[in-house]
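Peer 1: Any chance you can model this:
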Amino acid sequence: MRFPKDGGSVMDGSTFTLTLPSDLRMLSVARGFVESVCLAWKLEQSLRHALVLATGEAVTNIVRHAHRDRPGAEFTLHVRIAAEDIELTFLDEGEPFDLASVPPLPPGDLRIGGRGVYLMRALMDNVSCQPRGPRGNLLRLVKRRTTVMPAVG
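Peer 2: Here you go, the predicted model:
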């Protein structure tokens with residue numbers, strides 16, 4: 001985990017970063033990381049739960065789909081805490097992915113699998129994915145806060 005380079009307080013609206021190998025065994029590490037940041041910021045349980053669940057879906061998709069042919073790949077997770085929202089960004093090493101190509105899940109669809117993007121869209125207020133050159137993607141998940149954090153400073 002990296003802390004602010006400017007010497008500022010960890011509690012003044014910071015970004016926390018974790019890089020992990022692309023392995024499903026790291027799922028609990030990524031989820032625990034997000035939950036720990038949320039607990040340190042005393043975020044309400046419903047917000048914390050949504051962020052942790054969305055993290056699990058994002059990491060699972062990265063490992064199973066983006067990195068399925070790259071066992072030595074890594075992904076990086078950033079958690080940015082701001083007064084108005086929480087932003088999760090995931091940087092992977094997979095082929096460029098078009099999030100818009102994933103259709104909304106029809107109501108009543110009972111298939112197994114294929115729900116990761118649907119859940120991220122349902123849990124978050126903004127979901128976007130941008131290619132990072134010839135290889136890699138930046139997945140951005142944003143959740144607005146219901147309780148706005150007071151300004152620091």
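Peer 1: drop to CA atoms for contacts and neighbour counts, all remaining ones
Peer 2: Noted.
Peer 1: For Leu141, the count of nearby residues, please.
Peer 2: Leu141: 24 surrounding residues under other Cα atoms under 10 Å.
Peer 1: Same question for the one 4 residues further on.
Peer 2: Here the count is done by other Cα under 10 Å, and Arg145 has 17 residues near it.
Peer 1: and it, what does it touch?
Peer 2: Residues near Arg145 by Cα atoms under 8 Å, 6 or more residues apart in numbering: 47, 83-86.
Peer 1: Any quick PyMOL command for the buried ones out of those residues?
Peer 2: Those of these that meet the burial criterion (16 or more other Cα atoms under 10 Å) are gathered into one PyMOL selection, given here:
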select buried, resi 47+85+86
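Peer 1: helix or strand right after the lowest-mean-pLDDT helix or strand in the chain?
Peer 2: Using mean pLDDT, DSSP states H and E, the weakest-scoring helix or strand in the chain turns out to be helix 116-123, at a mean of 91. Following helix 116-123 in sequence order, the next helix or strand is strand 126-131 (DSSP states H and E).
Peer 1: Could you check the angle that next one makes with helix 116-123?
Peer 2: In terms of direction (axes from the mean of the first three to the mean of the last three Cα atoms, to 10 degrees), strand 126-131 departs from helix 116-123 by 140 degrees.
Peer 1: so which helix or strand takes in the residue nearest to the spatial centre of the chain?
Peer 2: If you average the C-alpha coordinates of the chain and look for the closest C-alpha using Cα atoms, centre = their mean, you land on Leu88, 3.9 Å from that point. Assigned by DSSP H and E, Leu88 belongs to strand 85-91.
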